[in-house]
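Chemist: Structure, please.
(2 chains)
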There are 2 protein chains.
Amino acid sequence: MPELRKDPIIGRWVIIATERAKRPTDFQMLRVEQKGGFCPFCPGNEEGTPPEVLAYRPGAARPNGPGWSLRVVPNRFPALMIEGSLNREGDGIYDKMSGIGAHEVIIETADHSKGLASSSEKEVEDVLWAWRDRISDLRRDTRFRYVLIFKNHGEAAGASLEHSHSQLIALPIVPRRVTDEMEGARRHFESKERCIYCDIVRQEKKEHARIVYENEEMLVVAPWAPRRPFETWILPKNHVSNFEDSQKSEFRGLANALRTTLRKLDAALENPPFNFILHTSPLNQRGLAHYHWHVELMPTLTKVAGFESGSGFYINPTPPEEAAAFLRRADGM
Amino acid sequence: MPELRKDPIIGRWVIIATERAKRPTDFQMLRVEQKGGFCPFCPGNEEGTPPEVLAYRPGAARPNGPGWSLRVVPNRFPALMIEGSLNREGDGIYDKMSGIGAHEVIIETADHSKGLASSSEKEVEDVLWAWRDRISDLRRDTRFRYVLIFKNHGEAAGASLEHSHSQLIALPIVPRRVTDEMEGARRHFESKERCIYCDIVRQEKKEHARIVYENEEMLVVAPWAPRRPFETWILPKNHVSNFEDSQKSEFRGLANALRTTLRKLDAALENPPFNFILHTSPLNQRGLAHYHWHVELMPTLTKVAGFESGSGFYINPTPPEEAAAFLRRADGM
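Modeler: Residues are numbered from 1 along each chain as shown, chains lettered A, B, ... in the order given. Next up, the predicted model:
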């Protein structure tokens, strides 16, 4: 008998379709492979990108030349413009504002052949520090309300360049999904005076069935009501609402948990395309008792039927308990 | 300068990225083509499906044999089970219920080579009557709260069989997207005592820039804040909250509008894969002043970056005014 399960935060119901249950080997794998060719993100090609806004350079190399280990540059084809004033305008029943924002690319490594999974833990940690540094800098621009950080890996997941990178979009609005989470978490807090994500961490540790991996700082789980097969969340064990306000030990813990999870996915699902998104609090809200930052990761395994994102109603053929058991056993070292 | 636009119903902001604006010819077309092979939906193969729950037979042919023009059968691999009782259960902070529901396939035509766009208006109208008949029948089952009707056309849009069909899922819950719309529409009604969809119809008719097509009963528009290029909505001009309570003239009007829109899409975008979803009121709510049924249609033109459905934040490279102008000119006859 299939099950209908409700996401405890935003209240979305999903079908966990046991009757058409799919094991990892049932998916037609979309293995990410490198094709090569000219790469504007490789050392020596710094002129192929706009001037850098941040770089980590182990030596004393000059800006916008080689010698870096990580580099942050504005997106060459930005979805939003950094310059201009934020005009809000009504048009009858409609609302709009000028497309002000920052759109940046975090080039995670100088080595074209490396991904986050094949980088060292120290290198992954540096990516997290770069996210934090950029959030801290962009926070000073009072036009912005939110910094959305995400990674598309592989063509099927929307990546247009293969050199490992994540992206950042600073926005004058808060994305719909975040406001949904904030509202759901607030309702839970109002009735129970507990953070719902802390409750999730407690219950998952007790039940154990959906745990993929854990270290001292982070818990990696297949969530109770996943939208898609092998959806995976990384949650800090201690309560922090804003990613950028985490402890150094938590960045180290996340680097270890993220790298291990990606290695497990690569081992279990043959180097799949994936997306992950950092979910954190809006810039003007800090130290919230009811919200808890986390990372949501989703490999691209099934064709995304448009009716699912259009209706907000998902059919998931892989129970999270099976996905977690499979990933627990997979090699993440 | 790109624009940030807010969907007036659910409050989702999208970026309309004029700087990377894409004309229809810029998309890599995913043209839907038929491959042939054995088809369980073709006349003569009725044994390849579970026994029919509804069929339109112009002659007096016997059930589950040839002679039909339209046939509704249970999905052979249903996401939900029709038999059993609806058990609700808590599990700590989590909620679940048994996966009770109906999952049916509407085989829209006996002719394997026909789609909705190449069917006659009368044939398309019959599909709408079948949807209505099934909703009316399923409404009597008090376990159900909602009937979700949608069509996936083409492999890239999630269709696993090429013979033209739509699908129906009767659910003991209301999908998240519908509750979002109902809440937004209720807020608008509470402050203005007007239906927001009626307001949209009025404003679009006045501005004209986003109209794709209209007939006496229906208005076809590119919505103000579309998630994806060429997203198109079909709205009844008169207020009706429940699809199944529409007038006969409105079914005829929708058949004409849907067929014309699909023909225009085929002409303009070279037979693209698409999804559409019927948005209508929950079964136990009828005659609502604040909600207004409609159809949302989305061709599959861009790779769906997971970060967009994950964050609820969309970047759309084609302004709806451009999409509408292009479709207005395209041949729909």
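Chemist: Now do the helices in the stretch 101-250 of chain A.
Modeler: Counting by DSSP state H, counting those that start in this stretch, the stretch 101-250 of chain A has these helices, from start to end: A:121-138, A:176-192, A:196-207, A:248-269.
Chemist: Now tabulate the ones you listed in a markdown table and tack on distance to chain B, mean pLDDT and mean neighbour count.
Modeler: To be clear about C-beta, it is placed using only N, CA and C from the backbone, and glycine gets the same treatment. Formatted as a markdown table, these follow (distance: least, C-beta to the nearest C-beta, whole Å; pLDDT from 0 to 100; neighbours: other C-beta atoms under 10 Å in any protein chain shown):
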| stretch | distance to chain B | mean pLDDT | mean neighbour count |
| --- | --- | --- | --- |
| helix A:121-138 | 14 | 98 | 19 |
| helix A:176-192 | 3 | 95 | 17 |
| helix A:196-207 | 5 | 98 | 18 |
| helix A:248-269 | 14 | 97 | 21 |
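Chemist: low pLDDT regions in chain A?
Modeler: A:19-25, A:303-306 (pLDDT under 70).
Chemist: want to try CSV for the helices of the stretch 101-250 of chain A, with distance to B:C195 as columns?
Modeler: Output for the helices of the stretch 101-250 of chain A, formatted as CSV (distance: least, C-beta to C-beta, whole Å):
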stretch, distance to B:C195
helix A:121-138, 40
helix A:176-192, 22
helix A:196-207, 34
helix A:248-269, 46
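Chemist: how much space is there between the residue in the stretch 101-250 of chain A positioned nearest to chain B and B:G59?
Modeler: At 3.0 Å from chain B, A:G158 is the closest residue in the stretch 101-250 of chain A, using C-beta to the nearest C-beta. Separation of A:G158 from B:G59 (C-beta to C-beta, to the nearest Å) stands at 51 Å.
Chemist: Who has more neighbours out of these two?
Modeler: Set side by side, A:G158 and B:G59 show more neighbours around A:G158, with 21 against 9, by other C-beta atoms under 10 Å in any protein chain shown.
Chemist: so that one touches B:F307, yeah?
Modeler: Yes. The pair formed by A:G158 and B:F307 meets the contact definition of C-beta atoms under 8 Å, at 7.0 Å.
Chemist: Now list whatever residues contact both of the two.
Modeler: Taking C-beta atoms under 8 Å, 6 or more residues apart in numbering or on different chains as the contact rule, A:G158 and B:F307 both touch A:N152, A:N275.
Chemist: Look up how far B:V178 lies from A:P172.
Modeler: 29 Å.
Chemist: what do you get for A:P2?
Modeler: Taking C-beta to C-beta, one finds A:P2 at 20 Å from B:V178.
Chemist: now do A:A268
Modeler: 35 Å.
Chemist: same question, A:S118
Modeler: Counting by C-beta to C-beta - A:S118 and B:V178 are separated by 43 Å.
Chemist: same deal with A:N238?
Modeler: From A:N238 to B:V178 the distance is 37 Å (C-beta to C-beta).
Chemist: And for A:R252?
Modeler: In this view, A:R252 and B:V178 are 43 Å apart by C-beta to C-beta.
Chemist: Show me what A:N275 is bridged to.
Modeler: A:N152, A:M298 (DSSP bridges).
Chemist: Make sure A:K151 is actually in contact with A:N275.
Modeler: Yes. Judged on C-beta under 8 Å, A:K151 makes contact with A:N275 at a distance of 6.7 Å.
Chemist: Show me what from the stretch 51-200 of chain A comes close to chain B.
Modeler: The stretch 51-200 of chain A comes close to chain B at residues A:77-81, A:84, A:92-99, A:148, A:150, A:152, A:155-158, A:167, A:169, A:171-173, A:175-180, A:196, A:199-200, as judged by C-beta under 8 Å from any C-beta of the partner chain.
Chemist: From the residues you listed, keep the buried residues only.
Modeler: Neighbour counting with 16 or more other C-beta atoms under 10 Å in any protein chain shown marks A:78-81, A:93-99, A:148, A:150, A:152, A:155-158, A:167, A:169, A:171-173, A:175-180, A:196, A:199-200 as buried within these.
Chemist: Restricted to strands, list those residues.
Modeler: Per DSSP state E, strands hold the following members of these: A:Y94, A:D95, A:K96, A:M97, A:S98, A:L148, A:F150, A:N152, A:Q167, A:I169, A:L171.
Chemist: Check these and tell me the two furthest apart.
Modeler: Across those, no pair lies farther apart than A:Y94 and A:N152, at 30.0 Å, counting by C-beta to C-beta.
Chemist: contacting residues for the most centrally placed residue in chain A?
Modeler: Taking C-alpha atoms, centre = their mean as the criterion, A:I277 is the residue nearest the geometric centre of chain A, at 2.0 Å. Taking C-beta under 8 Å, 6+ apart, we find A:I277 in contact with A:L148, A:I149, A:F150, A:V295, A:E296, B:F307, B:G310, B:S311.
Chemist: The same query, at a cut-off of 6 Å, please.
Modeler: By C-beta atoms under 6 Å, 6 or more residues apart in numbering or on different chains, the contact set of A:I277 is A:F150, A:E296, B:F307, B:G310, B:S311.
Chemist: Got the phi and psi for the nearest residue to A:P226 once chain neighbours are set aside?
Modeler: Once flanking residues are discounted, A:P226 sits nearest to A:P320: 5.1 Å by C-beta to C-beta, 6 or more residues apart in numbering or on different chains. With angles defined as degrees, to the nearest 10, A:P320 sits at phi -60, psi -30.
Chemist: For A:P320, give me its contacts.
Modeler: Counting by C-beta under 6 Å, 6+ apart, A:P320 touches A:R210, A:A222, A:P226.
Chemist: mind running it again at 8 Å?
Modeler: Going by C-beta under 8 Å, 6+ apart, A:P320 touches A:I16, A:R210, A:V221, A:A222, A:P223, A:W224, A:A225, A:P226, A:E231.
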